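A.B. asks: Sequence and computational prediction follow.
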Amino acid sequence: MSFLDRNETGFLEQPVHFSPSDSTTVLSVVWFSQLPVSVLAAIGLALLIAYHYLIAPVLHGHLSHIPGPWLAKITTLQLGWYDLRLVRNDQIYEWHKKYGPIICIGPNEVSVSSLEDTQQVYSSTTRWEKSDYFDHFMGYGERAVFATKPYSEHRARRKLIASFYQASNTFSKPEVESRVRERAQAVLGLAACYAWDNITQLVFGPGFGTKAIEGEGPEKKFLQDLKSLQLWGPFGGQFPLLYKVIVTILTTLTQQYGFLHAESQVSKWSLERFQKAIKCPTVRTSHSLLGRLQEMSKKENEPLRDSYIAAEALDNIGAAEATIAVTATYLVWRLTEHPSWQERIREELQALPKEGDGLPSFTDVNGLPLLEAFLNEVYRLHPASSGKAERVVPQAGSVLAGIPVPPKALVSTCMVAMHRDPDYFPKSDQFLPERWLEGTEAEAKARSSRLIPFGYGSRICLGKPLAIMELKMLVAAIYLRYETKRSASCPPASMKQTSTHDAMPQSLRCVVEFEDLEPTVKA
């Protein structure tokens, strides 16, 4: 179409030609200009809000320069969705494979996957604080070592109990090994009860350890409930208020959801046992965490509060049980899935001298190379942690993987990505224990430095020596007496590890068949 345009004098100028699309544009502009001012203001406000919350964070946000999915730079909902589906760790690993060693996983969250960056984030020299995530692990209104956020406070509290769990102290105490040996002989897949019975005696002292394996007391029931509660953990973290409402409604309507009160039940149980144990004179002189803290309390300028000691006991019990339960479960399952390795490790154990109970000493078991290699591969593919070991970037900011990271951003290492780095672990998705027995000394050192199932730096898990003893003696106790075989009720898919805090298998169970070995082998 065309029309004649008049100049200011009123004379006609040359025709101006418009295409049909131009005509549509003109009509649209005319229509838009005729809208009420209030509507135009609303549209403008909507555009400003969209720019501020959707476009600006991607283009100009303080983490916009860090690689990662664009939606993660806008909202926590994307990662929250994977969290609710219990696949958070798997998704972060996939993002690392796509975007590289440093990625933005939330508007204020960063994940790294290299050893060098891990050293910077968790090193005792950089001293980054823990995030508010660790507020969830307070007990009785107190912060145990694990829940303490500032580095200086953590260092002071760590001194109270660090030596208690040192390898030289744990491995040299006959009362510790004898308790582990006794419990190991009774366990047939009851990994949680096994770990619970060991840690409760070590924390509360002789006479106050549980017998959950035998089913004496309420412990076995609330341990089962704790595992069921794990699957609800991400939902509670994402929607805490809604979670409380739902828990109240469900537990009021039916007993089926009684497991949702498991944490409060354990907290109440632990406090009651603590109150009994702390009054016992023999506990003060025993090799126990309570005895240790009571002794240290006398040396402090300000005596330790009972509430703090109770919180430390609760935290140690929960952490030790969860870590051992998960790792022991995957250790037995993997040995069952790899019968040739099961036989090789059994032969390694059979060659050791035995003590009165038919088991070798821990010192001898701890030196077995095949068992060590197999356990390392279990650690690598099945770390007993959610991976949310968040640290807060200090005020000076930092540089990770060559990229500036601003102050107050949350940073954590993706353990799954580090443990599956193909440069150090070829065929990284395959379970290959032999990798720990191969290669040069330098290659072995590089692999070992990237294996961090117990954490890294000054805040590494204090109970690591106890965990190693429990796991290795458990293998000795089971496989010198039994052969484990696959069960049709436990397909590999049921053992897929979730991204819950303690990284439980999604089926919350592991079923294997135990067969007695020949009597000559038992001796």
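C.D. replies: Thanks, I have it.
A.B. asks: Would you map the helices across the stretch 301-450 of the chain?
C.D. replies: 306-337, 339-350, 362-365, 369-381, 415-419, 441-449 (DSSP state H, counting those that start in this stretch).
A.B. asks: winner for burial among the ones you listed?
C.D. replies: helix 415-419 (a mean of 25; mean count of other Cβ atoms under 10 Å). (Glycine included, C-beta is placed from N, CA and C.)
A.B. asks: Please name every helix or strand in contact with it.
C.D. replies: Counting contacts by 3 or more Cβ pairs under 8 Å, 6 or more residues apart in numbering; DSSP states H and E, helix 415-419 is packed against helix 88-99.
A.B. asks: Ends of stretch 119-135, what's the gap?
C.D. replies: 24 Å (Cα to Cα, to the nearest Å).
A.B. asks: again with stretch 297-317
C.D. replies: 20 Å.
A.B. asks: pLDDT averaged over that stretch, what's the number?
C.D. replies: Stretch 297-317 comes out with an average pLDDT of 89.
A.B. asks: pLDDT (mean, whole number) over stretch 216-224?
C.D. replies: Per-residue scores along stretch 216-224 average to 84.
A.B. asks: brain fart, stretch 129-139
C.D. replies: 92.
A.B. asks: what does stretch 78-91 give?
C.D. replies: The model assigns stretch 78-91 a mean pLDDT of 93.
A.B. asks: do stretch 157-166 as well
C.D. replies: 84.
A.B. asks: Could I get the buried residue list for it?
C.D. replies: 157-158, 160-161, 164-165 (16 or more other Cβ atoms under 10 Å).
A.B. asks: and that stretch, how far from the chain's centre?
C.D. replies: 22 Å (Cα atoms, centre = their mean, to the nearest Å).
A.B. asks: Let the chain start at 168 from now.
C.D. replies: Renumbered: residue one is now 168, and that last one reads stretch 324-333.
A.B. asks: Return the alpha-carbon coordinates of it using CSV.
C.D. replies: The C-alpha trace of stretch 324-333 is given here as CSV (Å, rounded to 0.1, in the frame of the first residue of the first chain):
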residue,chain,number,x,y,z
ARG,A,324,36.6,-27.4,69.8
ARG,A,325,38.4,-29.9,67.6
LYS,A,326,41.3,-29.9,70.0
LEU,A,327,38.9,-31.3,72.7
ILE,A,328,38.3,-34.6,70.9
ALA,A,329,40.8,-34.9,68.0
SER,A,330,43.3,-37.0,69.9
PHE,A,331,40.5,-39.3,71.1
TYR,A,332,39.9,-40.5,67.5
GLN,A,333,43.5,-40.5,66.3
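A.B. asks: Neighbours of the closest residue to Ala613 other than its chain neighbours, how many?
C.D. replies: Nearest residue to Ala613 in three dimensions, chain neighbours excluded: Tyr591, at 5.7 Å (Cβ to Cβ, 6 or more residues apart in numbering). As a burial measure, Tyr591 scores 19 neighbours (other Cβ atoms under 10 Å).
A.B. asks: distance of Tyr591 from Met585?
C.D. replies: As judged by Cβ to Cβ, to the nearest Å, Tyr591 and Met585 stand 9 Å apart.
A.B. asks: list the residues that contact both of the two?
C.D. replies: Arg617 (Cβ atoms under 8 Å, 6 or more residues apart in numbering).
A.B. asks: Got the domain ranges for this protein?
C.D. replies: The chain breaks down by automatic domain parsing into domains covering 169-200, 248-689.
A.B. asks: How far away from the center of its chain is the last one?
C.D. replies: Meaning domain 248-689. 8 Å.
A.B. asks: so who does Pro234 touch?
C.D. replies: Per Cβ under 8 Å, 6+ apart, neighbours of Pro234: 266-267, 269-271.
A.B. asks: Tell me which two in the residues you listed are the farthest apart.
C.D. replies: Every pair in these was compared (Cβ to Cβ); the two farthest apart turn out to be Gly267 and Cys271, at 11.1 Å.
A.B. asks: residue ranges of the strands in the stretch 318-467 of the chain, please?
C.D. replies: Taking DSSP state E, counting those that start in this stretch as the criterion, the stretch 318-467 of the chain contains no strands.
A.B. asks: on that earlier part again, and the gap between the residue nearest to Ala613 and Ser616?
C.D. replies: Relative to Ser616, and taking Cβ to Cβ, Tyr591 is found at 9 Å.
A.B. asks: Over to Val578?
C.D. replies: Val578 is 19 Å from Ser616, by Cβ to Cβ.
A.B. asks: Check Ala556 too.
C.D. replies: 17 Å.
A.B. asks: which other residues reach stretch 592-606?
C.D. replies: With Cβ under 8 Å, 6+ apart, stretch 592-606 has contacts from 501, 504-505, 508, 536-537, 539-541, 543-544, 547-548, 586-589, 611, 614, 617.
A.B. asks: let me redo that: stretch 330-339
C.D. replies: 343-344, 456, 459, 529-530, 533, 629-633, 636.
A.B. asks: 7 Å instead, please
C.D. replies: 343, 456, 459, 529, 629-630, 632-633, 636 (Cβ atoms under 7 Å, 6 or more residues apart in numbering).
A.B. asks: Low-confidence stretches in the protein?
C.D. replies: Within the chain, the segments meeting pLDDT under 70 span 168-202, 204, 206-207, 215-227, 350-356, 553, 686-690.
A.B. asks: change it to 50
C.D. replies: 168-180, 183, 185, 353-356, 687-690 (pLDDT under 50).
A.B. asks: Contact partners for Asn543?
C.D. replies: 603, 618.
A.B. asks: and if we set it to 6 Å?
C.D. replies: Contacts of Asn543 were listed using Cβ atoms under 6 Å, 6 or more residues apart in numbering, and they are Trp603.
A.B. asks: That one and Asp482, how far apart?
C.D. replies: 27 Å.
A.B. asks: what does Ser656 give?
C.D. replies: Ser656 is 35 Å from Asp482, by Cβ to Cβ.
A.B. asks: And for Thr494?
C.D. replies: Thr494 is 18 Å from Asp482, by Cβ to Cβ.
A.B. asks: Endpoint to endpoint, stretch 509-523 covers what distance?
C.D. replies: Terminal-residue distance, stretch 509-523 (Cα to Cα): 24 Å.
A.B. asks: try stretch 666-683
C.D. replies: End residues of stretch 666-683 are separated by 35 Å (Cα to Cα).
A.B. asks: Can you point out the buried residues in that stretch?
C.D. replies: Of all the residues in stretch 666-683, those buried under the rule 16+ other Cβ under 10 Å are 666-672, 677, 679.
A.B. asks: Now for these: which two are most distant?
C.D. replies: Across the buried residues of stretch 666-683 (Cβ to Cβ), the longest gap, 25.0 Å, separates His668 and Val679.
A.B. asks: and stretch 519-532, how far apart are its ends?
C.D. replies: 8 Å.
A.B. asks: wait, stretch 548-555
C.D. replies: By Cα to Cα, one end of stretch 548-555 lies 17 Å from the other end.
A.B. asks: what residues does stretch 375-390 touch?
C.D. replies: Residues contacting stretch 375-390 (Cβ under 6 Å, 6+ apart): 353-354, 357, 359-360, 363-364, 367-368, 429, 432-433, 440, 444.
A.B. asks: Just the buried residues of those residues.
C.D. replies: Buried among the contacts of stretch 375-390 by 16+ other Cβ under 10 Å: 354, 357, 359-360, 363-364, 367-368, 429, 432-433, 440, 444.
A.B. asks: Name all residues that make contact with the nearest residue to Val254 once chain neighbours are set aside.
C.D. replies: Distances taken as Cβ to Cβ, 6+ apart place Ser666 nearest to Val254, at 5.9 Å, with adjacent residues excluded. Applying Cβ under 6 Å, 6+ apart, we find Ser666 in contact with 253-256, 553.
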